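Q: Predicted model, plus sequence, below.
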Amino acid sequence: MKYWSQFFIPTLKESPADAEITSHQLLIRVGLVRKLSGGLYTYLPAGLRVMRKISEICREEMDRAGAIELWMPHVHP
């Protein structure tokens with residue numbers, strides 16, 4: 001595990017055995033997400049920061065285009 005800057009970023013040298021897709025392997029290896037259980041993941045500090053920056057860029061572009069943001073439930077019946 002390494003500490004970079006002011007963030008706790010636990011990196012891995014090897015890809016996790018249960019991660020099959022390359023993007024999934026990279027997200028875990030660089031310390032952006034961590035698997036909690038089957039299908040459940042948590043964002044680590046660096047991953048949350050990335051998600052917030054992406055969301056802000058999307059909001060700015062949507063505002064510029066005159067679009068309206070929509071929130072929906074995470075689980076649908």
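A: Now that the structure is in, tell me what you want to look at.

Q: contacts and neighbour counts: CA atoms only from here.
A: Will do.

Q: which one's the longest helix in the protein?
A: Determined from DSSP state H, the single longest helix within the chain is helix 45-65.

Q: Let's test this: mean pLDDT of that one, rounded?
A: Mean per-residue pLDDT for helix 45-65: 94.

Q: for it, packing partners?
A: Contacts defined by 3 or more C-alpha pairs under 8 Å, 6 or more residues apart in numbering; DSSP states H and E place helix 45-65 against strand 7-9.

Q: hmm, try it at 10 Å
A: strand 7-9, strand 33-37, strand 40-43 (3 or more C-alpha pairs under 10 Å, 6 or more residues apart in numbering; DSSP states H and E).

Q: can you put those in TSV and add distance to C58?
A: Output for these, formatted as TSV (distance: least, C-alpha to C-alpha, whole Å):
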stretch	distance to C58
strand 7-9	24
strand 33-37	21
strand 40-43	19
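
Q: Pick the most buried one from the ones you listed.
A: Of the helices and strands packed on helix 45-65, the one with the most neighbours on average (mean count of other C-alpha atoms under 10 Å) is strand 7-9, at a mean of 15.
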